[in-house]
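Participant: One predicted model, sequence on top.
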Amino acid sequence: MMEDVLIPIVAIISIFALPVVTALVLILRKLNADHNERMALINQGIIPPNEPKKKTNPNRMVSLRNGIILAALGIGIIVGFLCSQYLVIGDENKFWITSASIVSFLGVGYLVYFLVTRNMPREGEEDQPGE
């Protein structure tokens, strides 16, 4: 009787607590290793440099690509669903109709990304006169 209640409770606690505890242990080990490394450098007379966190600018081209591709994926899923529900050809081939529309719209998304970015300068490249 007690086992019937205890097993699900232990299972639920394990599902949520085990990853959290594992992450905490790994973070604490990393912090401890960094601290020990700094202490070893200080004991040798070396002043460890302070490493500030670098703020990186997000790559706008990657964000543009991901946005276009995810929009195309969403449109492909919607079109595939609508075709499989409301077209006669979709009755027996729902999986293939949906898959084909998703792949097609992903292709269209990549083409749109290519067309949008083909005349844009790439990162690190500057317009050089005479070329």
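Facilitator: Here it is on my side, so go on.
Participant: mean confidence score for the helix or strand hosting S14?
Facilitator: Secondary-structure element containing S14, defined by DSSP states H and E: helix 2-43. Mean pLDDT, computed over helix 2-43, is 90.
Participant: moving C-terminal of it, what's the next helix or strand?
Facilitator: Next along the chain after helix 2-43, taking DSSP H and E as the criterion, comes helix 60-86.
Participant: Would you mark the buried spots in that following helix?
Facilitator: For helix 60-86, a neighbour-count test (16 or more other Cβ atoms under 10 Å) marks R65, I68, I69, A72, I75, G76, V79, G80, F81, C83, S84 as buried. C-betas here are computed from N, CA, C, even on glycine.
Participant: Distance from that helix to the middle of the chain?
Facilitator: Relative to its parent chain, helix 60-86 has a centroid offset of 17 Å by Cα atoms, centre = their mean, to the nearest Å.
Participant: Does anything pack onto that helix? Which helices or strands?
Facilitator: Here helix 60-86 touches helix 94-117, going by 3 or more Cβ pairs under 8 Å, 6 or more residues apart in numbering; DSSP states H and E.
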